[in-house]
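> the following comprises the amino acid sequence and a computationally predicted model.
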Amino acid sequence: MSIERYDIVIVGAGPVGLLLSTCLARWGYKIKHIDMRPVPTVTGRADGIQPRSLDLLRNMGLKRAIMANEPAKVFEVAFWDPNSSGEGIHRTGTWASCPKFIDARYPFTTLLHQGLIEKVFIEDLAKHNVKVQRPWKITSFNTDGVDKHHPVEVGISHVEGEEHETIRTKYLFSGEGARSFIREQLGVKITHKDPIQHVWGVMDGVVRTDFPDIKMKCTIHSDAGSIMVIPREANMVRLYIQIASSTDADWNPRKFATTEDVQRAAKKILQPYWIEWDRVEWYSVYPIGQGIADRYTLDERVFMGGDCCHTHSPKAGQGMNTAFLDAQNLAWKIHHVESGFADRSILKSYESERKLIAENLLNFDAQYSKLFSQRQPSAGEVHSASNAEQPAEENEFIKMFKSSCEFTSGYGVAYDENIFNWSESHPAQSALFLSNKKGETTQRTGRILSPATVTRVSDANVVHLEQEIPVNGSYRIYLFAGKYDRTKQAIIDFAANVNRKDSFYTAYSRRDIDSVSYHEPHNPHSLFFTFATIFNAHRPEIEIKSMLPSVLVRYFDHVYADDVWDQRTPDAQAAAHAKMGLSESEGGVVVVRPDGYVGCVVRLVEGAGTVDALNAYFGSFCTKALGRGATIATQARL
């Protein structure tokens, strides 16, 4: 009997598995996706979508479906502490969940139960003929190498043992959560950053109360204990309460508390306010500690992500958001390897990049918890920290507050310098690369592209530049063209050199280019690159066909006028150029990875130098030799 072969087998249909599956399904991969649960999440579980994740969901075209469920939105966080009189609690401070100093499109946390989020992904997968096979579990796997094209053999079974399948795949991914069969079989250990473990009770329900901040996220400390309040969709409220800790004399990681126990505790903690439940939709008790997997992969064939690799407290609301970015990071790298664009060695960077972020998350989680257990901020500290203005002196609380807000929003993710994130030690070297460390650009490689608002020339729509190119597995090459009378020749030279036979663009042109639709806006020439051109001009001054060479004219819907004022660069004539730290007259080129993180920034100059620098950058990890070598002695006219 023939064995079915797949590009990837994904185990677990939580957030990390579903986002990975959705990306790869859209890009044409054959997927086997299984989950042990007979149905998707019905209630409860993860619920917080942070601002950066909302950016990602919008870029995938899924934000509207998420928001159709009318989730709760958290704009502020309130902190409550015991009254000095010893009677009840009082509010000691509030602040924005995503303060003004963070340049976010959506400065709030979106709260929606995991099942409704899963539903959005599952419906999108169905459009690409992928269905999660339930209730099935993985029973075995090995990388026996019998089939060099599909080296992983996987055994799966129906949960009730009625059926069994043996399949082969190029890749196997564990999105199984904390109790991962795949991780256990690989012998990958979990290292606990903090030896203290906690048992948490979590309850979703509809309540009646006179507590004034029930519609806000609250951290409440009282003499009767501590509790976290999270508003939810459909008038629900989530309560987190710590039931036990491994520091307790009678510590039991399986300690249980009933819904009534948690409700009684909540009533005591909230005094002098009252609270009653109309109904409880979901309740769970679970032990949790700060743990991280020692490895995310052993051979770049079997991978892990999400809760399988990192566990932490629910306080910062980062579990699902970190899982989303695990999946996106792995998806585009697999895509580039399997499409023949990049060398297989790039898959090693999944572990190095994402494990670093998980370690930062655990360190942050410990600091975050310590911050609020030591003391609460004064009103002056809250004001100073929450506003964009830099206070004359920042105490430790304010510094921690700012870094924590950046981290929880998702914009604090920063990948180290590597083959994708250019640095002074990168194999590609040219005088034309711009360095954030040297103050030559505001864009730091390995961090998200700064958001910018521009006017699309083709239809005069004001748009978000960073959202214009969707998550499609392509590098985004933003040509900031400055003032046309200053950069005309540089743009002509850029296009001419892009069309050279040895360029990154020509080397990876589409095989089906002759049959590409006239209406294809993003990838008419290559599946790996999309161009966007931004002029420092008002929209009526831009004539696309007369001002741009034909290779750039083909990206007609990706030509923009940098003519929208931005409060963060109030004196700039071209705010998008200024936000990137580029000359408003001379422009520059910003290369952004398929996941939205900056790869490199290059000067736009006359001659071949700009494209030579880009060839060197892409040539450092591509499968084909590009340009004139990885090290350039540029002859461009500066």
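Structure's in. What do you need?
> how about low-confidence regions in the stretch 251-400 of the chain?
The stretch 251-400 of the chain contains residues with pLDDT under 70 at 251, 253-254, 313-317, 368-400.
> what about the strands in it?
According to DSSP state E, counting those that start in this stretch, the stretch 251-400 of the chain carries its strands in the segments 275-293, 302-304, 310-311.
> next one: the stretch 101-250 of the chain
Counting by DSSP E, counting those that start in this stretch, the strands of the stretch 101-250 of the chain are 109-111, 136-142, 152-158, 164-174, 190-209, 217-222, 225-231, 236-245.
> the third one packs against which elements?
In this case it means strand 152-158. Packing partners of strand 152-158 (3 or more Cβ pairs under 8 Å, 6 or more residues apart in numbering; DSSP states H and E): strand 5-11, strand 31-34, strand 136-142, strand 164-174. Where C-beta positions appear, they are placed from N, C-alpha and C, glycine not excepted.
> can you list the strands that it pairs with?
With DSSP bridges as the test, strand 152-158 is paired with strand 136-142 (antiparallel), strand 164-174 (antiparallel).
> I3: which element?
Per DSSP states H and E, I3 falls between elements, in no helix or strand.
> mind listing what the spatially closest residue to it that is not a sequence neighbour touches?
Leaving out its chain neighbours, the residue that sits closest to I3 by Cβ to Cβ, 6 or more residues apart in numbering is R168, at 5.4 Å. Neighbour list for R168: 3-6, 147, 150-154 [criterion: Cβ atoms under 8 Å, 6 or more residues apart in numbering].
> pLDDT value on the nearest residue to H558 once chain neighbours are set aside, please?
Leaving aside its sequence neighbours, H558 sits nearest to A532 (Cβ to Cβ, 6+ apart; 4.1 Å). Listed pLDDT for A532 reads 98.
> so A532 belongs to a strand, correct?
Yes. Per DSSP: H, G, I helix; E, B strand; the rest coil, A532 lies within a strand segment.
> list only those of the contacts of R168 flagged as buried.
6, 150-154 (16 or more other Cβ atoms under 10 Å).
> take those and lay them out in JSON lines including pLDDT.
Putting those into JSON lines (pLDDT from 0 to 100) gives the following:
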{"residue": "Y6", "pLDDT": "98"}
{"residue": "H150", "pLDDT": "97"}
{"residue": "P151", "pLDDT": "96"}
{"residue": "V152", "pLDDT": "97"}
{"residue": "E153", "pLDDT": "97"}
{"residue": "V154", "pLDDT": "98"}
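> next, count neighbours for I292.
19 (other Cβ atoms under 10 Å).
> neighbours around R568, how many?
15.
> quick one: it and D103, what's the gap?
Relative to D103, R568 is positioned 6 Å away (Cβ to Cβ, to the nearest Å).
> which one of the contacts of R168 is nearest D343?
Set against D343, the nearest of the contacts of R168 by Cβ to Cβ is P151 (17.4 Å).
> so how far is I182 from that closest one?
16 Å.
> same deal with W95?
From W95 to I182 the distance is 41 Å (Cβ to Cβ).
> before we move on, the earlier item: now do the same for the residue nearest to I3: its pLDDT.
97.
> longest helix in this structure, please.
helix 348-374 (DSSP state H).
> tell me the angle of it relative to strand 275-293?
Orientation check (axes from the mean of the first three to the mean of the last three Cα atoms, to 10 degrees): helix 348-374 against strand 275-293 gives 140 degrees.
> would a markdown table of the buried ones among the contacts of R168 with distance to A224 be doable?
A markdown table is the format used below for the buried ones among the contacts of R168 (distance: Cβ to Cβ, whole Å):
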| residue | distance to A224 |
| --- | --- |
| Y6 | 54 |
| H150 | 58 |
| P151 | 57 |
| V152 | 53 |
| E153 | 56 |
| V154 | 51 |
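> out of these, who's nearest N363?
So of the buried ones among the contacts of R168, ranked by how close each gets to N363 (Cβ to Cβ), first place is V152, at 33.6 Å.
> identify the residues contacting the residue nearest the centre of the chain.
Among the residues of the chain, the one closest to the centroid is L325, at 3.8 Å (Cα atoms, centre = their mean). Residues counted as contacts of L325 (Cβ under 8 Å, 6+ apart) are 53, 56, 354, 357, 410, 413, 595.
> so who does the fourth one touch?
Residues counted as contacts of I357 (Cβ under 8 Å, 6+ apart) are 322, 325, 413, 415.
> dump the residue contacts of the closest residue to E76 other than its chain neighbours.
Distances taken as Cβ to Cβ, 6+ apart place T94 nearest to E76, at 5.0 Å, with adjacent residues excluded. Taking Cβ under 8 Å, 6+ apart, we find T94 in contact with 76-79, 216, 382.
> could you measure from the most far-flung residue of the chain relative to its centre over to D47?
The C-alpha centroid of the chain is most remote from S85, which lies 45.0 Å away (Cα atoms, centre = their mean). To D47, S85 is 35 Å away according to Cβ to Cβ.
> neighbours of the closest residue to G225 other than its chain neighbours, how many?
Excluding the flanking residues, the one nearest G225 by Cβ to Cβ, 6+ apart is I269, at 5.2 Å. I269 sits with 23 neighbouring residues when counted by other Cβ under 10 Å.
> neighbour count: W95 and I182, which is higher?
Taking other Cβ under 10 Å, W95 and I182 do not tie; I182 has more neighbours (21 against 18).
> enumerate the positions of stretch 347-362 that are buried.
347, 349-351, 353-355, 357-358, 361-362.
> same list, these, but as a markdown table with distance to G161 please.
Putting the buried residues of stretch 347-362 into a markdown table (distance: Cβ to Cβ, whole Å) gives the following:
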| residue | distance to G161 |
| --- | --- |
| L347 | 34 |
| S349 | 39 |
| Y350 | 34 |
| E351 | 34 |
| E353 | 39 |
| R354 | 35 |
| K355 | 36 |
| I357 | 39 |
| A358 | 35 |
| L361 | 38 |
| L362 | 38 |
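> just curious, which of these is nearest to R232?
Distances from R232 to these, taken by Cβ to Cβ, are shortest for L361, at 23.3 Å.
> who are the contact partners of that closest one?
310, 312, 316, 318, 322, 407.
> how far does stretch 441-452 sit from the chain's center?
14 Å (Cα atoms, centre = their mean, to the nearest Å).
> which parts of the stretch 501-638 of the chain are strands?
Ranges of strands within the stretch 501-638 of the chain are 529-535, 559-561, 588-592, 598-602, based on DSSP E, counting those that start in this stretch.
> the shortest one pairs with which strands, and in what direction?
The reference is to strand 559-561. strand 453-456 (antiparallel), strand 529-535 (parallel).
> picking up where we left off before, quick one, phi psi at the residue nearest to E76?
phi -140, psi 150 (degrees, to the nearest 10).
> residues in a beta bridge with it, which ones?
Bridge pairing for T94 - DSSP bridges - gives A78.
> and it, how far from I156?
50 Å.
> now stretch 303-319 - C-alpha only, CSV.
C-alpha atoms of stretch 303-319 as CSV (Å, rounded to 0.1, in the frame of the first residue of the first chain):
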residue,chain,number,x,y,z
PHE,A,303,10.4,21.6,15.0
MET,A,304,8.5,22.8,18.1
GLY,A,305,6.8,26.0,18.9
GLY,A,306,4.3,27.8,21.2
ASP,A,307,3.6,26.4,24.7
CYS,A,308,5.6,23.3,23.8
CYS,A,309,8.7,25.5,24.1
HIS,A,310,7.9,28.1,26.7
THR,A,311,5.6,28.5,29.7
HIS,A,312,5.1,31.4,32.0
SER,A,313,2.6,33.2,34.1
PRO,A,314,-0.6,34.6,32.5
LYS,A,315,0.0,38.1,33.9
ALA,A,316,1.6,39.6,30.8
GLY,A,317,-0.8,38.0,28.3
GLN,A,318,2.0,36.8,26.0
GLY,A,319,1.5,33.1,25.4
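> which stretch of helix or strand covers A496?
With DSSP H and E as the criterion, the answer for A496 is helix 484-498.
> quick check: mean pLDDT of that helix?
On average, helix 484-498 scores 98.
> show me what that helix packs onto, helices and strands only.
Against helix 484-498 (3+ Cβ pairs under 8 Å, 6+ apart) you get strand 475-482, helix 544-547, helix 550-553, helix 609-619.
> perfect, that will be all.
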